[in-house]
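Trainee: Compute the structure for the input listed below.
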Amino acid sequence: MSDSTEQGVALRHYLDVVRRRKWLVLLVAIIVPLAAVVVSFLQTPVYEGSAKVLLQRQNLASRLTGIPEPNASVEEETVVNTQAQVARVPAIARGVLRQLGLRGTSPQEFLQSSSVSTSPDAEILTFNVRDERRRIAARAATAYAQQYSRYRREQDTASIVSARRVIERRVAEIEESGEDSGRLYDSLLNREQQLQTIATLQTSNTKVIEAAGTADQVSPQPVRNGVLGVLVGAVMGLGLAFLLEALDTRVRTARELETKLHMPLLARVPPPPKRGDGEDALAMLAEAEGPQAEAFRMLRTNVEFTLLDRDAASIMVTSGLEEEGKSTTVANLAVAFAQAGKRVVLVDLDLRRPRLERIFGLERGSGVAQVVLGQAEIADALTRISIQPGGEGSGLQSREAAEGSLEVLTCGSLPPSPGEFVASHRLPEMLKELCDRSDLVLVDSPPLLHVGDAMTLSADVDALVVVANLKKLRHASVDEAARLLKAARAHKLGFVLAGAGQQKGYGYEYRPDERHSGREHELVA
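Mentor: Residues are numbered from 1 along each chain as shown. Predicted structure coming up:
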């Protein structure tokens, strides 16, 4: 398989998953943004004020003395980032709280609710403060910028102030000693005057260039949260859909069954109608003109096609698990063949859970067990079934019906050991005798899994059909059934998808009130 083909198959698989889980994806995609918007409206509004400070690099002392600045070669980006870190010291936070009179807030709490950001192409610091009170957020941002500028000015002039204090102490000592006429004294006075001049002329290296005039609401933002919720909800919905798909072990499509069983799909048959007593009714008799009966006619036709090049007098109908619909399927198929003019014998060899008696409304009498044990003759154990539509049950065949006939051989009294009974050499002899007196023998067998009866019976029939119900099957059971079918001796005709219903594009029918009233419903694959 080429890469493009594999990609196409994978894409189709993903689309199938989304289509099957579309309501889950839509539900999550709606709930998540709706919840985000509701939570946004329930949150307390938070406001943010911003003030900007311009950084300047000047050193008046270096200019007056001609001594170069020690950090003159440091890059601007490094200086700005360094000052952004300096602005986060607790001393500045304490100054802001004192200026605003916020005694209930600690410096750490203030620093957590504030931030300092840098500009990539300018030596500018932006001071941001968030608070639930719009006025406090704006005032705090401006105070934060002002306290940083004050702190920076103190740091820039600290060395000058310290030098003046040292010189002042030395001058005072000389004056006390009476040696105030020497060169040292005059030099110290000149140096003190110079430092005073520098301190007077020294300006701050920072300047508040933009105070926080007002504070903008930064949270909640319902529109933004709603848009993000849609994106997150869509991703979550898709992720949940694919997660459930991975955890789901059910077989989804007939195509999967075809691949796993290595058998073709013969037909899709709908769930059986119900009788008044709650038992399954036969669509071929109860609703002969309906689309359900047409599905079994299609099954009959496809079985005939598969047997064109093969002489098969007996066909076993089985399933992987119980309650997949094999008994009603084989009963309807038997009626369909009989109505098509064949002499059909339907044998119930599901000796563990026989169903044909209830389906046809028969009373228990002599059956398979009695015939095999020699306690009854085949002719006496067979029950003739009316195949006239509307005549479901036992009775004489109508003259207006087709030339075909349907006889049912029920289980009769159940043997104590069904597994040993089906392995008896007399059972194949009975099936051969039934084939001699009919055109087709249909066998209702136990399911393939859990018991070995069906595998034993597969050696006594010419062909087999598997009934599968997607609601019952799991990948593990299908794989096990495929392994058993591979070992079965009988020719595998295909499988029937039971309980599938009518799917769009699968068939059509002529209605009695239309122009072609009276014609049979036609069903096309």
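
Trainee: How far does stretch 270-280 stretch from one end to the other?
Mentor: From its first residue to its last, stretch 270-280 covers 12 Å (Cα to Cα, to the nearest Å).

Trainee: which residue sits closest to residue 233 in space, ignoring its chain neighbours?
Mentor: residue 32 (3.2 Å; Cβ to Cβ, 6 or more residues apart in numbering). C-beta: built from backbone N, CA, C; applies to glycine.

Trainee: Isn't the one you found up against residue 229?
Mentor: Yes - using Cβ atoms under 8 Å, residue 32 is in contact with residue 229, at 4.8 Å.

Trainee: where does the stretch 401-525 of the chain have low pLDDT?
Mentor: 401-402, 500-525 (pLDDT under 70).

Trainee: need the strands for it, in chain order.
Mentor: Secondary structure of the stretch 401-525 of the chain by DSSP state E, counting those that start in this stretch: the strands cover 405-409, 440-444, 463-468, 491-498.

Trainee: And residue 264, how far from residue 465?
Mentor: Plainly put, residue 264 is 11 Å away from residue 465 if you go by Cβ to Cβ, to the nearest Å.

Trainee: neighbour-wise, which of these two wins?
Mentor: Set residue 264 next to residue 465 and count neighbours by other Cβ atoms under 10 Å: residue 465 wins out with 27 against 14.

Trainee: Check the contact between the more buried one and residue 494; I expect there is one.
Mentor: Yes - with contact defined as Cβ under 8 Å, residue 465 reaches residue 494; the gap is 6.5 Å.

Trainee: Which one, of the strands of the stretch 401-525 of the chain, ends up nearest to residue 313?
Mentor: Of all the strands of the stretch 401-525 of the chain, it is strand 440-444 that lies closest to residue 313, at 6.2 Å by Cβ to Cβ.

Trainee: That closest one vs strand 463-468, what angle?
Mentor: On the basis of axes from the mean of the first three to the mean of the last three Cα atoms, to 10 degrees, strand 440-444 is oriented at 40 degrees to strand 463-468.

Trainee: Show residues contacting strand 440-444.
Mentor: Applying Cβ atoms under 8 Å, 6 or more residues apart in numbering, the contact partners of strand 440-444 are 313-317, 326-327, 330-331, 333-334, 337, 342-350, 355-356, 431, 434-435, 457, 461.

Trainee: for the strands of the stretch 401-525 of the chain, which one sits closest to residue 220?
Mentor: strand 491-498 (52.6 Å).

Trainee: picking up where we left off before, which neighbours do residue 465 and residue 494 have in common?
Mentor: Common neighbours of residue 465 and residue 494 (Cβ under 8 Å, 6+ apart) are residue 266.

Trainee: I'd like the average pLDDT over the longest helix along the chain.
Mentor: Assignment by DSSP state H gives helix 134-177 as the longest helix of the chain. Across helix 134-177, the average pLDDT comes to 83.

Trainee: likewise stretch 91-98?
Mentor: Mean predicted lDDT for stretch 91-98 stands at 94.

Trainee: send the alpha carbons of it over as PDB?
Mentor: This file holds the C-alpha atoms of stretch 91-98, laid out as PDB (Å, rounded to 0.1, in the frame of the first residue of the first chain):
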ATOM      1  CA  ALA A  91      12.900  48.800  50.300                       C
ATOM      2  CA  ILE A  92      11.200  50.400  47.300                       C
ATOM      3  CA  ALA A  93       8.000  48.400  48.100                       C
ATOM      4  CA  ARG A  94       8.000  49.700  51.700                       C
ATOM      5  CA  GLY A  95       8.400  53.300  50.400                       C
ATOM      6  CA  VAL A  96       5.300  52.800  48.100                       C
ATOM      7  CA  LEU A  97       3.200  51.400  51.000                       C
ATOM      8  CA  ARG A  98       4.200  54.400  53.200                       C
END
